[in-house]
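Undergrad: coords please:
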Amino acid sequence: MRVHVSRHRDVEVLEFRSGAVLDCSVAADVKAQALRQLDGRSDLVINLANLEFVDSAGLGVLVGVYKRVNLRGRRVVVAAAAPYVAHVMKIIKLDRVFDSFPDVPAAIAELSRGVPVGSGGTRTLR
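TA: Sure, this is the predicted structure:
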């Protein structure tokens, strides 16, 4: 699986490409790719549109990226999660950590407003 980071106004968007499975077989590589590409000085939208399946290792990637960006005082949200991925995130209560938006443009618009997003954007994972 490949990861791509793009910039849209003052927000970065992390997108998963060439594969719809984020599991233990690719998690370490995906996390390393993501952390290499992120500048850490911008708010971040994690685009989940291409993910059809995620396991605990894959969720660990999302949390690891969140922690790195959040430690620098930046906000992280997710967008366009497929029903299965959204359900898994809700079961393990990551919906309380990540604010979720129906699509990337809505997430970018909210982050670009410069005001804190809901409760998820203000949590700190340790």
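
Undergrad: can you report how many residues lie near residue 22?
TA: 27 (other CB atoms under 10 Å). (C-beta placed from N, C-alpha, C; glycine too.)

Undergrad: then residue 5?
TA: Counted with other CB under 10 Å, residues neighbouring residue 5 total 16.

Undergrad: OK, contacts around it?
TA: Residues near residue 5 by CB atoms under 8 Å, 6 or more residues apart in numbering: 12, 13, 14, 15, 34, 37, 38.

Undergrad: so which of the residues you listed are in helices?
TA: Counting by DSSP state H, the part of these found in helices is 34, 37.

Undergrad: for residue 64, state which of the contacts of residue 5 is nearest.
TA: residue 34 (8.2 Å; CB to CB).

Undergrad: residues contacting the closest one?
TA: Contacts of residue 34 (CB under 8 Å, 6+ apart): 3, 5, 14, 61, 65.

Undergrad: in terms of helices and strands, where is residue 63?
TA: Per DSSP states H and E: residue 63 is located in helix 56-71.

Undergrad: so for that helix, what gets flagged as buried?
TA: By 16 or more other CB atoms under 10 Å, the buried positions in helix 56-71 come out as 57-66, 68-70.

Undergrad: verify the stated contact: residue 94 with residue 60.
TA: No - contact criterion CB atoms under 8 Å: residue 94 and residue 60 do not qualify, at 10.7 Å.
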